[in-house]
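*Asks:* Provided below for reference: sequence and predicted model.
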Amino acid sequence: MGLNSNRVDHFDSQSPSPTVIKIETEIPPPSMEIHTVHLPPEQTTLQKLKQRLSEIFFPDNPLHGFKNHTSPAKLILVLQFLFPIFEWAPHYSLKLFRSDIISGLTIASLAIPQGISYAKLANLPPIIGLYSSFVPPLIYSLLGSSRHLGVGPVSIASLVMGSMLSESVTFTSDPILYLKLAFTATFFAGLFQSSLGFLRLGVVIDFLSKATLVGFMAGAAIIVSLQQLKGLLGIAHFTSKMQMIPVLSSVFTQRDEWSWQTIVLGFAFLAFLLTTRHISLKKPKLFWVSAAAPLTSVILSTVLVFLLRDKAHGIAIIGNLPKGLNPPSTNMLIFSGPHLALAIKTGIVTGILSLTEGIAVGRTFAGLKNYQVDGNKEMMAIGLMNIAGCCSSCYVTTGSFSRSAVNYNAGAQTAVSNIIMASAVLVTLLFLMPLFYYTPNVVLAAIIISAVIGLIDYQAAYKLWKVDKLDFLACMCSFFGVLFISVPLGLGIAVSISVFKILLHVSRPNTLVLGNIPGTQIFHSLNRYREALRVPSFLILAVESPIYFANSTYLQERILRWVREEEEHIKSNKESPLKCIILDMTAVTAIDTSGIDTLRELRKILEKRSLQLVLTNPAGSVMEKLHQSNILDSFRQKGLYLTVAEAVTDISLSWKASP
């Protein structure tokens, strides 16, 4: 399309300022068809509300499979919807079982030592970790939609629970109250998680951005590792605080408690675990090397300490672990008293963290096998398994990345691998508990360090720095907040920065000056496309955001500033005077009453300065609100167009026709 133009803003690659070149172009063709901007199909308020709620809460249309089915078929679909096991169980085969039993036994070798270790990380008795590796996986296998998720205690949730509860009560001072708070916090975590899934409010966990989690995980991993210095060095009296400075201070002020026997044993097995981890990372087919390493370490260290029991008095051991199934703990849930608020707060924080990790891990491995994981089903499954767990002496559990990775690499085909793992834990609980009596605490510390060290993702942090500095800031604030303030407050700071980023984008949206690409009807940013040309007497602006109360004042001020700068530029270059401002609303997906008032006020201000305001390509919902507010009446003729090209053409011709 030829547009009436007498200058080009050419951006020289060697110069930051544009070079103005005078040229002459053709008058726009009078034959161009000018289209009318139509209103969207009329809907009642109830229809609009239904459609909007459907988009918010049911974007995946979960009931689409129920259409055109008879009642018996619908009943089967309901069972499959509520219990995914009914979906794959009819097609289960012996071949699948062979794969699942291998993967189940493989992750059991990892789950048993990890369960014992992570329970100690939460300041709970080691047996609680094994209980938590038995009941929750069974519940998840019935309700979960992931084929590869390995369920059980995880390091981050264990750390957060231990640090939050220990602020008020310690296990050594009041073990019964501490257990009650842990089980009650698990109940509220499960209630919160299942409620999010039932109400389809998974958007809540979206506020934990990737940048936030990268920093949080790295900071938490360092804190977890520093806390394990107590076990690695054999220190008996250690700080209960989780900040970096108090932990390091406690390490060096208690040097007289360091045990050389513990140090030698601990660092030897830590080197062994890290070596096996490195081997598995370099050669994924050897995944079983790192998977079997924790249990191998437990067995070897237990045998070694047993043989040297008369000489190795300085090495602390686990001691007696009770045999038997999970005892019921319903009577230990507390719903009143001064500690209830702490249990609720701990439950919500650990619930969000474990939910985020579980869903992220499930979706990661589902993507590798090209199947879908329903986020809302996962929230309900994880929540219900934690509710069941709190009634059977379990604490917060979710999908573990390390277990899931081993499960995936071992060839798991269905959730039966979790049932196999739980069965192996059951055998351990019933018959093998006395064998753990001489297991040294230092090996558990080494297992934890080797597991959490993989959470420090410096490459992801570097990518954040390259791509988005504000995301990197959120990452670093989360990281240092966890290290130097506290785990919950560090997470809160990171979430606050993420929310601030959202508010910044909403309240200060991007605006662009558009120009025409010669020979086309395309208008693009002058800063982005060097070949784009300004159109004389027109200032064409694009707003890349909904227009809300939060940004309407800013947009009015910014648009008036664009107008002032354009007039100054025209005056200094002696060009055609500015007559019309075109506002391209293609990217304006929504508008509220404040935004409408801003457009009305902006039109009046520009009209007083003999400038015309024109709107182009408003979205359907925006157009409907503009019509209902009667603002379009004030724009009169030639104030609303379907495209920028049509607006420029029609208005230019009207100027030529006018004397």
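*Replies:* That came in fine, so what should we check first? Numbers count the residues shown, from 1 in each chain.
*Asks:* same question for the strand or helix carrying Q80, mean pLDDT?
*Replies:* In this structure, Q80 sits in helix 71-82 according to DSSP states H and E. Helix 71-82 comes out with an average pLDDT of 69.
*Asks:* ok, now stretch 272-283?
*Replies:* For stretch 272-283, the per-residue pLDDT averages 90.
*Asks:* cool, stretch 35-52 as well?
*Replies:* For stretch 35-52, mean pLDDT rounds to 74.
*Asks:* Over to stretch 525-540?
*Replies:* Stretch 525-540 carries an average pLDDT of 89.
*Asks:* again with stretch 409-418
*Replies:* Averaged across stretch 409-418, the pLDDT comes to 88.
*Asks:* Ends of it, what's the gap?
*Replies:* With C-alpha to C-alpha, to the nearest Å as the measure, the first residue of stretch 409-418 is 14 Å from its last.
*Asks:* Show me what counts as buried in it.
*Replies:* Residues of stretch 409-418 classed as buried: N409, A410, A412, Q413, T414, A415, V416, S417, N418 (neighbour count, 16 or more other C-beta atoms under 10 Å). For glycine as for every other residue, the C-beta is placed from the backbone atoms N, C-alpha and C.
*Asks:* Next step: these restricted to helices.
*Replies:* N409, V416, S417, N418 (DSSP state H).
*Asks:* ok, back up a step: in whichever helix or strand comes after the helix holding Q80, what's buried?
*Replies:* Next in sequence after helix 71-82, counting helices and strands by DSSP H and E, comes helix 85-88. By neighbour count on 16+ other C-beta under 10 Å, the buried set for helix 85-88 is I85, W88.
*Asks:* Over to stretch 592-601?
*Replies:* Buried-residue list, stretch 592-601, by 16+ other C-beta under 10 Å: G595, I596, T598, L599.
*Asks:* And the third one, which helix or strand is it part of?
*Replies:* When elements are assigned from DSSP H and E, T598 belongs to helix 593-608.
*Asks:* Name the next helix or strand downstream of that helix, please.
*Replies:* Going down the chain from helix 593-608, the next helix or strand is strand 612-616, by DSSP H and E.
*Asks:* Give the other helices and strands that that next one contacts.
*Replies:* Judged by 3 or more C-beta pairs under 8 Å, 6 or more residues apart in numbering; DSSP states H and E, the packing partners of strand 612-616 are strand 580-584, helix 593-608, helix 631-635, strand 640-641, helix 644-657.
*Asks:* Averaged pLDDT, the fourth one. What do you get?
*Replies:* In other words, strand 640-641. Rounded mean pLDDT across strand 640-641 is 90.
*Asks:* same deal with the longest one?
*Replies:* Predicted confidence along helix 593-608 averages 93 (mean pLDDT).
*Asks:* distance between it and the chain's centre?
*Replies:* Here the centre of helix 593-608 is set off from its chain's centre by 39 Å, with C-alpha atoms, centre = their mean, to the nearest Å.
*Asks:* And that helix, what does it pack against?
*Replies:* Using 3+ C-beta pairs under 8 Å, 6+ apart: helix 593-608 touches helix 552-573, strand 612-616, helix 620-628, helix 631-635.
*Asks:* looking at these, which is buried most?
*Replies:* strand 612-616 (a mean of 21; mean count of other C-beta atoms under 10 Å).
*Asks:* That strand - which strands sit beside it in the sheet, and in what orientation?
*Replies:* Its sheet considered, strand 612-616 pairs with strand 580-584 (parallel), strand 640-641 (parallel) by DSSP bridges.
*Asks:* Quick check, V588 in contact with S621.
*Replies:* No. The criterion here is C-beta atoms under 8 Å, and V588 misses it with S621 at 9.8 Å.
*Asks:* Which residue ranges of the stretch 251-400 of the chain form helices?
*Replies:* Here the stretch 251-400 of the chain has its helices, by DSSP state H, counting those that start in this stretch, at 260-282, 287-307, 340-368, 375-390.
*Asks:* if I look at L208, how far off is G492?
*Replies:* Using C-beta to C-beta, to the nearest Å, L208 is found at 11 Å from G492.
*Asks:* Have a look at the two and say which one is more surrounded.
*Replies:* Between L208 and G492, counting by other C-beta atoms under 10 Å, L208 is the more crowded of the two (21 against 15).
*Asks:* Ignoring the adjacent residues along the chain, who's closest to that one?
*Replies:* T356 (5.1 Å; C-beta to C-beta, 6 or more residues apart in numbering).
*Asks:* Now for that neighbour: which residues touch it?
*Replies:* I205, L208, L213 (C-beta atoms under 8 Å, 6 or more residues apart in numbering).
*Asks:* Serialize those to JSON lines and add fields for distance to I127.
*Replies:* Output for these, formatted as JSON lines (distance: C-beta to C-beta, whole Å):
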{"residue": "I205", "distance to I127": "31"}
{"residue": "L208", "distance to I127": "31"}
{"residue": "L213", "distance to I127": "31"}
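*Asks:* Any regions of this structure where pLDDT drops low?
*Replies:* Residues of the chain that meet the criterion pLDDT under 70 lie in 1-32, 52-74, 78, 203-204, 206-207, 240, 636, 658-659.
*Asks:* okay, now the domains of it?
*Replies:* Using automatic domain parsing, the domain parsing of the chain gives 94-502, 508-657.
*Asks:* now the ones you listed as JSON lines including distance to E33?
*Replies:* As requested, those are arranged in JSON lines below (distance: least, C-beta to C-beta, whole Å):
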{"stretch": "domain 94-502", "distance to E33": "41"}
{"stretch": "domain 508-657", "distance to E33": "8"}
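*Asks:* rewinding a little: among the helices and strands packed on strand 612-616, which comes closest to S109?
*Replies:* The closest of those to S109 is helix 593-608. By C-beta to C-beta, the value is 59.9 Å.
*Asks:* Stretch 322-329: which residues count as buried?
*Replies:* Buried, per 16+ other C-beta under 10 Å, within stretch 322-329: N326, S329.
*Asks:* Next: stretch 527-547.
*Replies:* Using 16+ other C-beta under 10 Å as the test for burial, stretch 527-547 gives 529, 532-543, 545-547.
*Asks:* quick revisit: so which of the strands paired with strand 612-616 gets nearest K608?
*Replies:* Closest to K608 of the strands paired with strand 612-616 is strand 580-584 (C-beta to C-beta; 13.3 Å).
*Asks:* contact partners of the closest one?
*Replies:* Contacts of strand 580-584 (C-beta under 8 Å, 6+ apart): 514, 523, 537-543, 559, 563, 606, 611-617, 644, 647-648, 651.
*Asks:* before we move on, what about stretch 248-258?
*Replies:* In contact with stretch 248-258 (C-beta under 8 Å, 6+ apart) are residues L226, L229, L233, G234, I235, A236, H237, F238, T239, K241.
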